[in-house]
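>>> Dropping a prediction and its sequence here:
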Amino acid sequence: MIKASDYSFAGQKVLVRVDFNVPLNEDLEVTDTTRIEAAIPTIEKILADGGAVILISHLGRPKEGPEERYSLNNVLFALGDLLNRRVDFANDCIGREAAVKVANLKMGQVLLLENLRFHPGEKAGDESFARRLFNLGADVYVNDAFGTAHREHASVSTVVELFEDDKRVAGLLMEREVASATHVYKNAEKPFTAIIGGAKVSDKILLIENLLDIADNILIGGGMAYTFFKAMGGEIGNSICEDDRLELARELMIQAAEDGVNLMLPADSVAADAFAEDAKTQVTGSEEIPDKWMALDIGPEAFKSYSEVIANSKTILWNGPLGVSEMEPFARGTMEVGKAVAEATASGAFSLVGGGDSVAAINKLGLRDKISYVSTGGGALLEFFEGKVLPGIEALE
Ligand code: AMP
């Protein structure tokens, strides 16, 4: 994989796939610029080398063609602000206007093209759409969008093949993402602890199965824990449960025991009488959730024992919340685990955190700087640790 850090972009017009899929408020202003900030080093590197930048991205999930609320025009101001320079915009990512703007682009200038997903060819990985992107006339392709590397989309995968091998480059963000994930996946110093939360077991089966080969401890939290408890014959009240995955949960537990992996479930839980912020709550054993109550967070005994395991780890991977962390009364488990991960990192562990809710918890705690690497990838990171080859990375190799 050719790395942007080793590459000189002098005199090159560079087509850069970024992930500007940022949240917007009702006035269509960017409310969180993290993803834009993440792309700045690559843009600045190209400009500092004496190149020109053509940015392409998706934003949201437009259904049929252009819609104002999904226009990348909405991020233009935030981007210009962060780069501290003028950024030009083309109202379509392909076609005459974009081609003319690319042709007239001078070294040192930045052009942002409209949302790729206004064309169905993007998600379809369509060849003729990819060719139209290629025909805009860029000299080099850079992928800096790790968050979409698991998609076989035109701008991530199909278009890359049209560039010569030595014109396909991994951006600085992509480099760091791949290096951090590969470090944990291939060279994890032991003990290696994976903390896996989230709503459903079905979303994380492949991940857990794959981690059984490399992790020493797997700490389970979130809604998925209760499928495991039910599989063991526990009472889980109205807690979320996938009845069609009980057998699978049993198999995962047996496999963990056979592999000598310490698969931990939360000893206690915070149960609520409704899925609501103002619900009544009580702490109960996770296998004895009262009738009609639902477990919405891991309890104090659980986060204490998880924190101890985390404190004794040398490598930590964390994906997914331990409870309904978007509701304050059920955020404690996720927060405590976040603190434990930061403390272990301060004591020398390597920590990798990815996925919306886990990253949100780290940010809320102000602990971003205390984590070895906070990934911009949710789904992409998951698939990486499922052992899949990500199309966006494969295309660069
Ligand atoms: P995921 O997208 O799989 O990482 O799951 C995140 C979602 O899981 C969040 O929206 C949480 O509200 C939800 N979640 C976490 N713990 C629970 C729980 N105990 N019961 C129901 N939903 C949960």
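Great, that's in hand. Numbering: from 1, shown residues only.
>>> check contacts around the closest residue to the ligand within the chain.
As assessed by Cβ to the nearest ligand atom, the ligand sits closest to residue 198 within the chain, at 2.7 Å. Every residue, glycine included, has its C-beta placed from N, CA and C. Shown in contact with residue 198 (Cβ atoms under 8 Å, 6 or more residues apart in numbering): 204, 222, 223, 224, 319, 320, 321, 355, 357.
>>> Up against the ligand, what does this structure have?
With Cβ under 6 Å from any ligand atom as the criterion, the chain comes near the ligand at residues 198-200, 203, 222-223, 240, 295-296, 320-321, 323-324, 326, 355, 357.
>>> again, only using 5 Å
When proximity is defined by Cβ under 5 Å from any ligand atom, the chain lies next to the ligand at 198, 199, 203, 222, 223, 240, 296, 320, 321, 323, 324.
>>> quick one on the thing from earlier: before we move on, which element is the residue of the chain closest to the ligand in?
Using DSSP states H and E, residue 198 is not contained in any helix or strand.
>>> how near is it to residue 342?
20 Å (Cβ to Cβ, to the nearest Å).
>>> any idea where the helices of the stretch 1-150 of the chain begin and end?
In the stretch 1-150 of the chain, the segments counted as helices under DSSP state H, counting those that start in this stretch are 34-49, 73-83, 96-104, 120-124, 127-134.
>>> Nearest to residue 388 among the contacts of residue 198?
residue 204 (13.8 Å; Cβ to Cβ).
>>> Surely the closest one and residue 224 touch.
Yes: counting by Cβ atoms under 8 Å, residue 204 touches residue 224, with 6.3 Å between them.
>>> Have a look at the two and say which one is more surrounded.
Each of residue 204 and residue 224 has its neighbours counted (other Cβ atoms under 10 Å); residue 224 has more, 26 against 23.
>>> mind listing what the more buried one touches?
Contacts of residue 224 (Cβ under 8 Å, 6+ apart): 196, 197, 198, 199, 200, 201, 203, 204.
>>> what's the answer for residue 65, then?
Neighbouring residues of residue 65 by Cβ under 8 Å, 6+ apart: residue 118.
>>> got it, and residue 158?
By Cβ under 8 Å, 6+ apart, residue 158 lies in contact with 125, 126, 127, 129, 130, 152.
>>> And the pLDDT for the closest residue to the fourth one other than its chain neighbours?
Spatial nearest neighbour of residue 129, excluding adjacent residues (Cβ to Cβ, 6 or more residues apart in numbering): residue 121 at 2.7 Å. Among the per-residue scores, residue 121 shows a pLDDT of 97.
>>> From residue 93, how far off is residue 121?
With distances taken as Cβ to Cβ, residue 121 is found 10 Å from residue 93.
>>> With neighbour numbers in mind, choose between the two.
Each of residue 121 and residue 93 has its neighbours counted (other Cβ under 10 Å); residue 93 has more, 27 against 21.
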